[in-house]
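Asks: Following is a predicted model, sequence given first.
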Amino acid sequence: MSFNTSAFTELVSDPRYDILKKPIKVDKDNKAYELQLISPATAKGTYVKTIAGALAVINVSETCYNSDNTLHYIDVYLGADFKANMQGSFLYLKYHCAQARRLDQAQGTAYWGNIIASAGAAAGASMPWNPLWIFNTIALKGNQSQQPIEQYISAGQYHHITTAKFLNKYKWDALEGNDMTFLTPCIESAFDVATLSTESAARAIAWMGASGAAADASGAGTTSFTPYVKMIPLADVFESCEVPAIWNNLNRFRLEFTFKLPDAIPFNCGTPANSGPAHVFIDECKLMLDTTRMQAGQLLETSENKLEGVCENIGFMENSVIPMTYSLGQQLVGTGQKDVQQVIVGFPAIGNLAAAVNPIQYHCAYLTSLSLQYGGDMPLRSPLILGGVSTNLNAQAYAMYRKSIGADRASVVAPAISFHKYQYYHLYHIPIYNPMYPHRNNDPKDIRIDSNSVSILTASVPVVLIMRKFTGVQIASDGSISHM
C-alpha cells in the first residue's frame, strides 16, 4: 500500500487571525455574587474533664462544638431568584489547641498551656494534615423532604474516604501548597510512632501553636490560645458538589455533622515530661455559602423549566468503606456491590505497625501478591507482585495508584505521593475500569480480593476496603430527590 498523504495530514487555519473578529461574551443571567456565613442552628456545649496522673490535678472546662457527640446542623433556605453554587461554597472551621502542663513536676502548679513543641524527632503531639479528620460523620440533605443527597454516617470511617480522595484528586504542589485547607506540610517522611516525624512536628508548630519546651514558661501561653481557621471547599467534602453548576431545583438544604471529641483529634507520640495529652477545641463551624442572584430573564426561564418539569442530574462517585480484619492469605470479600469503579485496600498503620499513632497513615502489611475479581471482570490478569517487607519493590502497586488517578506518565505535574513516600500511605489502588468515564453495571456483583503476605504477619490486623462507586441523584422540579 502506498502512503496516503491526504489521510495523514490536514491543513488548518491559524485561529489568531479570527480572535479579534469575534464578539466578547458577557454574562446575561446573573446580577451579582451573594456570599454569606451561616452558623449552625445548634449550640456549643461544655467539655468537662479531669486530668491527673503525673500532673497535679487540673479540671478542664471548655465551651466548644465538639464537647460531645451532638449532631449539629446548618439549615439553608434559598429564594426563587437566587440559587446555590455548591462548588464555590466552603466550610469555615475555627479551632484552638491546649495541653495540661506545668513547669516543675515537684512543685509547679498544673495549668492549661500551649502544646509543647517537639525538638526534632522526639515525643510530642500533632494532628493529621487532613482537616476532615475532625469530623466523625457528615451528610448533605436536600429540599423540604430532607432526603440525603450524599452522606457519610458510619462513625470512624470518613477519614479513610477523605484521605484516599485527597491523594487521588490533588497533585503534590496543590496539596502541599494549599495551607488554606490542609495542615501543611502534609505527606510525612516517616511513620509517626514513638517519636514525631519531621512534618508532623512542623504541623504542630504551624497549626497547633506548639511552642517552648516542657519547662519553658515563656512558651506556655497560659493567658490565651492562638486560634486557627481552615477553609474547606464543600466540593472536597461532598463529591456531588464538584460539578460547576447552579442547583436550580434545590430550594433548601441541610448540612448535618458530628465532630470527634477534643482529645481524639490530635495524636500523641509519647508524652513530654510534666504534660498531659493534647486537645483540639472547635470554636466555630460555619458555611460560607456561594449563591447567585438571577436577572429577570433567567428567573423567568427557571420558572418555565419548573413548570415543564425539568429534572436536574447530579452524577458523582459515592464512597463506602467496609472495615475488616485480615490474616495471612485471607480472601477479602465485599458482596452485592453495584457500579464499583475502583477499589482501594488500606491497612491502617494503627493496628498494623507497632506504636503507630497517626490515624491516616497506611502500612503495606508485608503483602507479596494481590489480585481482584469484580463479578466476571478481572482487571489484574495476573496478580501484582509485591515486595513483602521491602516496600522498595512495590513499584507495581505505585503504578496502579498512578493509573487509578489517570496519571500514568505524570510528565507535567507530580501526583500527591512520590514513590519514596508511598510507603507511608500504602493504599493499594485497583482501578477496575478506565477512570476517564464511569462504567455501568446492571446487577450488583461481589468483590473478591486474594493476597499473600510474608509469614511475619502472624496475627489478624485491621484492613479497610474503600469502594468508589458511580452513582446519580435526580432533583425534580417539585423538589423530590431520587437516587440511581
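Replies: Yep, that arrived. Numbering: from 1, shown residues only.
Asks: what about residue 15, neighbour count?
Replies: Counted by other CB atoms under 10 Å, the residues lying close to residue 15 total 8. (Each C-beta comes from the backbone N, C-alpha and C, glycine too.)
Asks: who's in contact with the nearest residue to residue 423 once chain neighbours are set aside?
Replies: Sequence neighbours aside, residue 391 is the residue nearest to residue 423 in space, at 3.9 Å (criterion: CB to CB, 6 or more residues apart in numbering). When contacts are counted by CB atoms under 8 Å, 6 or more residues apart in numbering, residue 391 touches 364, 422-423, 426.
Asks: Then residue 410?
Replies: Residue 410 makes contacts with residue 402, as judged by CB under 8 Å, 6+ apart.
Asks: In the stretch 351-484 of the chain, where is pLDDT below threshold?
Replies: Using pLDDT under 70 as the threshold, the predicted model of the stretch 351-484 of the chain has low-confidence ranges 455-458.
Asks: try it again with 80
Replies: Counting by pLDDT under 80, the stretch 351-484 of the chain contains low-confidence ranges at 442, 455-459.
Asks: Please enumerate the strands of it.
Replies: Using DSSP state E, counting those that start in this stretch, the strands assigned to the stretch 351-484 of the chain run over residues 362-363, 367-374, 384-385, 428-431, 445-453, 461-475, 481-483.
Asks: quick one: which of those is nearest residue 22?
Replies: Closest of those to residue 22 is strand 461-475, at 35.4 Å (criterion: CB to CB).
Asks: Looks like residue 339 contacts residue 470 (just checking).
Replies: Yes. Here residue 339 reaches residue 470: they are 4.5 Å apart, a contact under CB atoms under 8 Å.
Asks: what is in contact with these two at once?
Replies: Once CB under 8 Å, 6+ apart is applied, the residues that residue 339 and residue 470 both contact turn out to be 438-440.
Asks: For the residues you listed, which single residue is the most surrounded?
Replies: Among the shared contacts of residue 339 and residue 470, the one with the most neighbours (other CB under 10 Å) is residue 438, at 17 neighbours.
Asks: Residue 339 is in contact with that residue, correct?
Replies: Yes. Under the criterion of CB under 8 Å, residue 438 makes contact with residue 339 at 7.4 Å.
Asks: anything in contact with each of the two?
Replies: Residues touching both residue 438 and residue 339 (CB under 8 Å, 6+ apart) are residue 470.
Asks: pLDDT weak spots in the stretch 1-150 of the chain?
Replies: Flagging of the stretch 1-150 of the chain using pLDDT under 80 yields the residue ranges 1, 52-57, 80, 102-111, 119-122.
Asks: Take the shared contacts of residue 339 and residue 470 and lay them out in JSON lines including distance to residue 28.
Replies: Shown next, in JSON lines, are the shared contacts of residue 339 and residue 470 (distance: CB to CB, whole Å):
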{"residue": "438", "distance to residue 28": "33"}
{"residue": "439", "distance to residue 28": "38"}
{"residue": "440", "distance to residue 28": "37"}
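Asks: Which ones among those residues map onto helices?
Replies: Counting by DSSP state H, none of the members of the shared contacts of residue 339 and residue 470 fall within helices.
Asks: Please, which helix or strand holds residue 204?
Replies: helix 198-208 (DSSP states H and E).
Asks: Could you confirm residue 175 falls within a helix?
Replies: Yes. Judged by DSSP: H, G, I helix; E, B strand; the rest coil, residue 175 forms part of a helix.
Asks: Tell me who's in contact with it.
Replies: Residues near residue 175 by CB under 8 Å, 6+ apart: 166-167, 182, 186-187, 416.
Asks: so how far is residue 360 from it?
Replies: The span separating residue 175 from residue 360 equals 13 Å under the rule CB to CB, to the nearest Å.
Asks: With residue 91 instead?
Replies: Distance of residue 91 to residue 360, given as CB to CB: 18 Å.
Asks: repeat for residue 379
Replies: With distances taken as CB to CB, residue 379 is found 26 Å from residue 360.
Asks: Kindly report the same for residue 23.
Replies: The spacing between residue 23 and residue 360, counted by CB to CB, is 50 Å.
Asks: Give me the more crowded residue out of the two.
Replies: Shown here are residue 23 and residue 360; by other CB under 10 Å, residue 360 has more neighbours (27 against 5).
Asks: where does the stretch 151-300 of the chain dip in pLDDT?
Replies: In the predicted model of the stretch 151-300 of the chain, residues 213-224, 271-274, 294-300 satisfy pLDDT under 80.
Asks: where along it do the strands fall?
Replies: Along the stretch 151-300 of the chain, the segments classed as strands by DSSP E, counting those that start in this stretch run 228-233, 246-247, 252-259, 267-269, 275-294.
Asks: Out of the ones you listed, which is closest to residue 398?
Replies: Among the strands of the stretch 151-300 of the chain, the nearest to residue 398 by CB to CB is strand 267-269 (25.8 Å).
Asks: related to what we said a few turns ago, for the contacts of residue 391, name the two members farthest from one another.
Replies: Greatest spacing in those, by CB to CB: 364 and 422 (9.1 Å).
Asks: Mutual contacts of the two, please.
Replies: With CB under 8 Å, 6+ apart applied, the overlap between the contact sets of residue 364 and residue 422 consists of 391, 394.
Asks: Which strand or helix spans residue 31?
Replies: When secondary structure is defined by DSSP H and E, residue 31 falls within strand 30-38.
Asks: and the angle for that strand with strand 275-294?
Replies: Taking axes from the mean of the first three to the mean of the last three CA atoms, to 10 degrees, one finds strand 30-38 and strand 275-294 inclined to each other by 150 degrees.
Asks: Strand 30-38 packs against which elements?
Replies: For strand 30-38, the elements it packs on are strand 275-294, judged by 3 or more CB pairs under 8 Å, 6 or more residues apart in numbering; DSSP states H and E.
Asks: for the strand it packs on, which positions count as buried?
Replies: Residues 275-292, 294 are the ones in strand 275-294 that count as buried (16 or more other CB atoms under 10 Å).
Asks: do stretch 58-67 as well
Replies: Per 16+ other CB under 10 Å, stretch 58-67 contains these buried residues: 58, 60, 62, 64-67.
Asks: closest to residue 27 among these?
Replies: Taking CB to CB as the measure, residue 27 sits nearest to residue 65 out of the buried residues of stretch 58-67, at 38.0 Å.
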